[in-house]
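Pasting the sequence and the predicted coordinates here, then a few questions.
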Amino acid sequence: MAEKARISDLKNYLGSQVQLDGWLYQSRSSGKVQFLIVRDGSGLCQCVVEKGRLSEELYEALEHLGQESSLSVIGTVRAEPRSPGGCELLVEEAQIHQAARDYPITPKEHGIDFLLQNRHLHLRSRRPWCIGRIRHTVVDAIRRFFNDQGFTLVDTPIFTTIAGEGEQTLFEVDYFGQPLHLTQTGQLYLEAAAMSFGRVYCFGPTFRAEKSKTRRHLTEFWMVEPEAAYIDLDGLLELAEGLVVSVVQRVLTDNRAELETLGADIGSLEKVRPPFVRLTYSQAAEILTSQVTQDFMTRQLASFEEERRSLREELGSLEQEEKRGGQKKWQQEKNARRIAELRSELEELEVKIQNNPKHAQLAASFRWGKDLGGSDETILSLMHDKPVFVTHYPREAKAFYMKTDRSDGRVVENFDLLAPAGFGEIIGGSMREDDYDRLLQRIQEEGYNPQNYWWYLDLRKYGSVPHGGFGLGVERTVAWITGERHIRQCIAFPRLMDKVYL
RNA sequence: UCCCCGAUAGCUCAAUCGGUAGAGCGAGCGGCUGUUAACCGCUAGGUCGCAGGUUCGAGCCCUGCUCGGGGAGCCA
């Protein structure tokens, strides 16, 4: 019996016979030799089947085996630079568990709707697999970071009785006749737990009925939320900074191959080192309305237009070539692929070019007191190649539980963290109002019923202390790190505002 | 909720002025001993999203609907 091995460990088995259990990812045949690309969940391996080395019957069967058939192959491992993982298997024996036929996802391009409808199968493809592996690292790094810093995990409830964010984004559930809602944040419960353990965090799914159909929104997403007693805003920023740095570093060391496969911007990830940029909201507002921003936007527009010119040029010459004809088939095909690519790139650029003046206008007309818009955040993060903290937002724009700055009553002690390169917000957090009277007043100002918040208010009566925390969105973090443009690809089974596939 | 774009073979797309529906991939069969989204040959595969209208004639024009993509607001 050959020893079973995982493809990721094959380097350690050079020269010996092993058994791989997996699925047929792809195959090519060339008469008397076949190349089966087998995946086993840990990686891809090229398996070489030579005629005469196994029974005629089995050779035939393997030659006609469909994509994603399940099989075990036994053979000798040898180094081979032409194979995906650097090793290949010279097949001596094989067992077909189930012969698949007409697997819907082919090795060519597919539309996103088709892929999401086939998400149960799509998960096996290379891109989702790489993203899934990175997500795993991100989650593990987050847990390790907080555990190492002496935080205690507290699992907060998913059925909740009070709202932490806007009440209009709640999903209501009928809980044996009592209306409850799905959690939007574990924060309020976490504040209670922080008064017991000092430093706590929760990590779980979050539900928001936001009517936002964008590449940055899911109605069900995963969020980690730390909450600490006896901390101040600077301490919170440091905590967030440390978390993001350690997560990015872990991915860089554990998933470099996946990042490369995905085409992620590794150079920019390597710049994610402390200290991050720190701006107050007022400073951000000043920057947005300054000439600096207008110049920045003008330069950006010019570079977009330059890019458009060169893309159009390439597209034009390819299209002419296509019309002239007379090329080899593979060349035609390659051109057609490139043309499709260019067209979608151009389309995207066109949107950016269209939006640029609008965004410049929005930035210029920014008035103190407004919340930062998506385009404003994009501009601020594009101006820096490191993550950017924005702190001290106007009170009116923010949630009731945020602590009013004692030295400037117009603002609260909060912060957002913007990921670089225009990705936008990945963390939002704040110091919490710890004064009973001020908190009660804020609850009333929001028009909420204080009776619903009786226990939350209680926390300010029995040993209230300065405390705060933040929430980090897992899918947004994964999307930023992997360079995936839409966060629906950063969770196995996404729930979107207007569509739930499986 | 608003704005823009789209829907043609299993998939990704093409079809000039309104005039007989096309390609690649995938599938099936055959060929090739080192392939890299292999290559070569053959075969099958269509209610042009749905409903109505204009026209001698509609994939193409008009109206409505359905579904999808992108953007805005809001947010992690």
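Perfect, I can see it now. Numbers count the residues shown, from 1 in each chain, chains lettered A, B, ... in the order given.

Please count neighbours and contacts with C-alpha atoms only from this point.
Noted.

So which residues of the stretch 201-350 of chain A form strands?
Ranges of strands in the stretch 201-350 of chain A, per DSSP state E, counting those that start in this stretch, are A:220-229, A:277-280.

can you list the ones you listed in a markdown table and add mean neighbour count and distance to RNA strand B?
Formatted as a markdown table, the strands of the stretch 201-350 of chain A follow (neighbours: other Cα atoms under 10 Å; distance: least, Cα to the nearest atom of the strand, whole Å):
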| stretch | mean neighbour count | distance to RNA strand B |
| --- | --- | --- |
| strand A:220-229 | 23 | 5 |
| strand A:277-280 | 16 | 16 |
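
For the ones you listed, give me JSON lines that also has mean pLDDT.
Converted to JSON lines, those look like this (pLDDT from 0 to 100):
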{"stretch": "strand A:220-229", "mean pLDDT": "96"}
{"stretch": "strand A:277-280", "mean pLDDT": "94"}
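
Now tabulate the ones you listed in a markdown table and tack on distance to residue A:466.
Formatted as a markdown table, the strands of the stretch 201-350 of chain A follow (distance: least, Cα to Cα, whole Å):
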| stretch | distance to residue A:466 |
| --- | --- |
| strand A:220-229 | 6 |
| strand A:277-280 | 20 |
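
Which among the ones you listed is found nearest to residue A:191?
Closest to residue A:191 of the strands of the stretch 201-350 of chain A, according to Cα to Cα: strand A:220-229, at 6.5 Å.

What parts of the stretch 101-250 of chain A come near RNA strand B?
Residues of the stretch 101-250 of chain A lying close to RNA strand B by Cα under 7 Å from any atom of the strand are A:101-104, A:106-114, A:165, A:208, A:210-221, A:223.

cutoff 6 Å now
Contacts of the stretch 101-250 of chain A with RNA strand B, taken as Cα under 6 Å from any atom of the strand, map to A:101-102, A:104, A:106-111, A:113-114, A:210-215, A:217-219, A:221.

Please report the distance of the residue of the stretch 101-250 of chain A at minimum distance from RNA strand B from residue A:262.
The stretch 101-250 of chain A approaches RNA strand B most closely through residue A:108 (2.8 Å), counting by Cα to the nearest atom of the strand. Separation of residue A:108 from residue A:262 (Cα to Cα, to the nearest Å) stands at 16 Å.

Between these two, which is the more surrounded one?
More crowded of residue A:108 and residue A:262, by other Cα atoms under 10 Å: residue A:262, with 17 against 5.

How much space separates the more buried one from RNA strand B?
14 Å (Cα to the nearest atom of the strand, to the nearest Å).

Over to residue A:383?
With Cα to the nearest atom of the strand as the criterion, residue A:383 and RNA strand B are 17 Å apart.

which residues touch that residue?
Residues counted as contacts of residue A:383 (Cα atoms under 8 Å, 6 or more residues apart in numbering) are residue A:421.

what does residue A:416 give?
If you count contacts by Cα under 8 Å, 6+ apart, residue A:416 has them with A:389, A:390, A:391, A:425, A:426, A:427, A:428, A:429.

Helix, strand or coil: sort out it for me.
Three-state assignment for residue A:416 (DSSP: H, G, I helix; E, B strand; the rest coil): strand.

what's across from it in the sheet?
residue A:390, residue A:428 (DSSP bridges).

got the residue ranges for the helices in the stretch 401-502 of chain A?
Applying DSSP state H, counting those that start in this stretch to the stretch 401-502 of chain A gives helices spanning A:436-445, A:454-458, A:474-482.

nearest to residue A:411, of those helices?
Of these, the one closest to residue A:411 (Cα to Cα) turns out to be helix A:436-445, at 13.3 Å.

I'd assumed residue A:198 was in contact with residue A:153.
No - using Cα atoms under 8 Å, residue A:153 is not in contact with residue A:198, being 11.3 Å away.

Same list (the helices of the stretch 401-502 of chain A) but as JSON lines, adding mean neighbour count and distance to residue A:304.
As requested, the helices of the stretch 401-502 of chain A are exported to JSON lines (neighbours: other Cα atoms under 10 Å; distance: least, Cα to Cα, whole Å):
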{"stretch": "helix A:436-445", "mean neighbour count": "15", "distance to residue A:304": "45"}
{"stretch": "helix A:454-458", "mean neighbour count": "15", "distance to residue A:304": "50"}
{"stretch": "helix A:474-482", "mean neighbour count": "25", "distance to residue A:304": "22"}
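
now those as CSV including distance to residue A:31 and mean pLDDT?
Shown next, in CSV, are the helices of the stretch 401-502 of chain A (distance: least, Cα to Cα, whole Å; pLDDT from 0 to 100):
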stretch, distance to residue A:31, mean pLDDT
helix A:436-445, 76, 93
helix A:454-458, 73, 95
helix A:474-482, 40, 94
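
Tabulate these (CSV), appending distance to RNA strand B.
CSV is the format used below for these (distance: least, Cα to the nearest atom of the strand, whole Å):
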stretch, distance to RNA strand B
helix A:436-445, 16
helix A:454-458, 18
helix A:474-482, 6
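
Could you dump these into CSV with distance to residue A:257 added?
Output for the helices of the stretch 401-502 of chain A, formatted as CSV (distance: least, Cα to Cα, whole Å):
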stretch, distance to residue A:257
helix A:436-445, 49
helix A:454-458, 47
helix A:474-482, 12
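
Of all the ones you listed, which one is nearest residue A:142?
So among these, helix A:474-482 is nearest, using Cα to Cα, at 9.4 Å.
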